[in-house]
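Student: Quick one: sequence and predicted model below, then my questions.
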Amino acid sequence: MSKIFLLFRSWVSVVIYCLTFSAISAHATVVVDIAIDQPQHHYAQVAIEFDTSTSSEVDYHLPVWRTGRYEILNLANGIRNFTAADSQGNQLPWRKLDKDTWQVQQTLNKKITISYQVYANQLGQRTRHIDDSHAFIDASTVVMYSEAARAERHLINLHVPATWNSVSGLDSVAVSKYKNTDATHQFIAKNYDVLVDSPIETGLNEHHKFKVDGRDYELVIWGKGNYDSDKMVADLNVLVQQSKHVWQGYPFERYVFMVHATSGARGATEHLNSTIIQRSRFKFSDRKDYLGFISTAAHEFVHTWNVKQYRPSGLVPYDYQKENYSTLLWLSEGSTSYLQNQLLLRGGLMSSKEFLENLAKRITGYLHKPGRASQTVAQASFDKWLEEGGDYDKNHSVNIYSEGFLISWLLDFSLMEKTALKKSYRDVHNTLYQDYKIPNSFDERDLLSILSDITNEDYQQWWQQNVHGYASVDFNELLAKAGLTMSYGEKDEKEQQKVKAWTGITTKKVTHGLQVTRVEKNSPAWKAGLTLDDIIVAVDGLRISDKDMTTRLKNFNPTDSVSVTFFRRDELITRKVILGEIPSNKLKVVTVKHASDEQKAFFNYWTGIEFPTSDN
């Protein structure tokens, strides 16, 4: 650590403690200084000052995972130059106990300051990223904690370039309380759990503020792109008003939407009263792309209640040093996916056509997910920490988002039907918000009790069949309740559905052919023995030069036998594939002809809008 930084750190500590400490806290406070001293090299210097220790040794931890992502991460791999000192500047002995725990010794009756360097170049993981234009800081990946101080107030001081703007869901420190320090880069968290669930975006950014129903909202955008920030603000203004259709009341007075318009990184994470959304800088202007953005914003906003206000047992309180298991993560994520588009639909931010197109896409995904016969949604929830994705997962697993969406949909329609459109799945979530707020939690027995209270019926059998069993769905029967049906469009002269040849493989273009990236279990290609990473070079003896198999398959009919030649382990192999069939057109969800008044009422209660009278 540089001498300049140490002197700077000491000066800041004196200023804070002498002039402001008593004004901030009625009890002990942890003071965190984060200096972005070499942004071009992705470095930050961190110093954390803790109140007087009551033990002879203290363990300091960096979490092994971050909130919103149920996966063990190697977050400590970017920590170097760890030191520990008392208030007199005397160095204290320490040792590392495991990959994410530093034990400092000779700490009894001493105020301890730990210091270290952080390397922050993990933009796509939404953990920590620093460059010469900004810093994104998820504190769980930057700030260490001790169990003894976890409940204490944390003061965050950012030392950043003067031209940078700092934004967080954390409370800003009032300028009037401080001297000789820039309070525009200071934040306060009432404890460590609030700190690690309130990321900070600081840098050169576009910043908008708006107010809705007496609550403050902010949109901060880092990065250039083809976005229209005025439209984003206008639509977010509408979105945040739709929560009243699910929950009674708000858990925040202020909410921050953080957006990264960048290259490569994509995804989003929910936080206590904020979200971080990452999208390609050129994925905002087209309607399809923009719908992806506003849908993501809706998903993360739903999480402000579902997960941030009520969570399953096993995740309350968070244990940051190991996996937090639950069989109900499908409700945390899948229900959020299910509710997000309802908010958009009710706010007029998504058309009924777009809503039904999304529904059709989800049904198609389900029909081509062999893993639904190998893993239940409860098992997928428990094993989320092991999920790796890829070919094996798709063939032998289900996803808590998509499968959780399906179970939420089934449950919603069941509740609506049993209560004659007086109650729905929205009432389940409002009950969880009203009666099971953190620090409470809920388990499967609580959910079964809520379902019983709503319907006066026992849901044990339903639960075993669909949550702990392999859910089987007749989609036309399900859709018919709301006056909808599935359609693949055109039919042939005999009024049969038009079909096309199908192999069951997904490929990507590589230098010498098409590399297999997925083989659907029990598909024609699977039965013929093709597998992941085979490189297809020819079909029926002719070289394949297309970007995928689609064009070539147009030359064949279902049940045709074709020879597929490919490289495996650099050896040339040829296999016979008996082609299967799939519908020629994409699946659509459309309205039935002559929908009944009951079906129209069901649709209206489900979506909050009138039954569609056309494809629009």
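Tutor: Okay, I see it. Numbers count the residues shown, from 1 in each chain.

Student: hang on, isn't Asp216 packed against Lys209?
Tutor: Yes - with contact defined as C-beta atoms under 8 Å, Asp216 reaches Lys209; the gap is 6.9 Å. (Each C-beta comes from the backbone N, C-alpha and C, glycine too.)

Student: Buried residues, the helix or strand encompassing Lys96. List them.
Tutor: For Lys96, the element it lies in under DSSP states H and E is strand 94-98. Within strand 94-98, the residues that qualify as buried are Trp94, counting by 16 or more other C-beta atoms under 10 Å.

Student: Pull up the pairing partners for it, direction included.
Tutor: strand 101-105 (antiparallel) (DSSP bridges).

Student: Run through who's touching the partner strand.
Tutor: With C-beta atoms under 8 Å, 6 or more residues apart in numbering as the test, strand 101-105 has contacts from 56-61, 82, 84, 92-97, 112, 114, 144, 321.

Student: Which of the residues you listed are buried, as a PyMOL select command?
Tutor: To isolate the buried ones among these in PyMOL, judged by 16+ other C-beta under 10 Å, type:
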select buried, resi 58+59+60+61+82+84+92+94+112+114+144
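
Student: In strands only, show me the contacts of strand 101-105.
Tutor: 57-61, 82, 84, 94-97, 112, 114 (DSSP state E).

Student: Closest one of those to Asp289?
Tutor: Asp289 has its nearest neighbour among the ones in strands among the contacts of strand 101-105 in His61, at 40.1 Å by C-beta to C-beta.

Student: can I assume the closest one is in contact with Val143?
Tutor: No - with contact defined as C-beta under 8 Å, His61 does not reach Val143; the gap is 10.3 Å.

Student: give me every residue that touches Arg275.
Tutor: Quick fix: residue 275 is Thr, not Arg. Per C-beta under 8 Å, 6+ apart, neighbours of Thr275: 256-258, 268-269, 297, 300-301, 303.

Student: gap between Asp427 and Ala265?
Tutor: 37 Å (C-beta to C-beta, to the nearest Å).

Student: ugh, wrong one, I meant Leu386
Tutor: For Leu386 relative to Ala265 (C-beta to C-beta), the value is 24 Å.

Student: more crowded one of the two?
Tutor: Taking other C-beta atoms under 10 Å, Leu386 and Ala265 do not tie; Ala265 has more neighbours (17 against 13).

Student: Now the more buried one. Nearest residue, chain neighbours left out?
Tutor: Spatial nearest neighbour of Ala265, excluding adjacent residues (C-beta to C-beta, 6 or more residues apart in numbering): Gly124 at 3.9 Å.

Student: how close does that neighbour get to Phe257?
Tutor: 19 Å.

Student: The two: which has the busier surroundings?
Tutor: Phe257 (22 against 13).

Student: What helices and strands are in contact with the helix or strand hosting that one?
Tutor: Element membership for Phe257, per DSSP H and E: strand 254-262. Strand 254-262 is packed against strand 165-168, strand 215-222, strand 274-280, with contacts defined by 3 or more C-beta pairs under 8 Å, 6 or more residues apart in numbering; DSSP states H and E.

Student: Can you check what angle separates the second one from strand 254-262?
Tutor: Going by axes from the mean of the first three to the mean of the last three C-alpha atoms, to 10 degrees, strand 215-222 is angled at 20 degrees with respect to strand 254-262.

Student: relative to strand 254-262, how tilted is the very next helix or strand once past strand 215-222?
Tutor: Going down the chain from strand 215-222, the next helix or strand is helix 229-239, by DSSP H and E. Angle of helix 229-239 versus strand 254-262, following the same axes, to 10 degrees, is 140 degrees.

Student: Mind exporting the C-alpha coordinates of helix 229-239 to CSV?
Tutor: Extracted in CSV, the C-alpha atoms of helix 229-239 (Å, rounded to 0.1, in the frame of the first residue of the first chain):
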residue,chain,number,x,y,z
SER,A,229,-33.4,7.9,-21.3
ASP,A,230,-36.5,10.1,-21.4
LYS,A,231,-38.6,7.1,-22.5
MET,A,232,-36.9,5.0,-19.8
VAL,A,233,-37.9,7.4,-17.1
ALA,A,234,-41.4,7.8,-18.4
ASP,A,235,-42.0,4.0,-18.5
LEU,A,236,-40.3,3.4,-15.2
ASN,A,237,-42.7,6.0,-13.8
VAL,A,238,-45.6,3.9,-15.0
LEU,A,239,-44.0,0.6,-13.9
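
Student: Which residues outside it are in contact with it?
Tutor: Contacts of helix 229-239 (C-beta under 8 Å, 6+ apart): 206, 208, 210, 212, 217, 219, 221, 257, 259, 290, 293-294, 297-298, 301, 343-344, 347-349.

Student: buried ones in it?
Tutor: Buried residues in helix 229-239 (16+ other C-beta under 10 Å): 229, 232-233, 235-236, 238-239.

Student: Flag every buried residue along stretch 589-599.
Tutor: Quick answer for stretch 589-599 (16+ other C-beta under 10 Å): 589-591, 595, 599.

Student: no no, stretch 130-144
Tutor: Per 16+ other C-beta under 10 Å, stretch 130-144 contains these buried residues: 130-131, 134-144.
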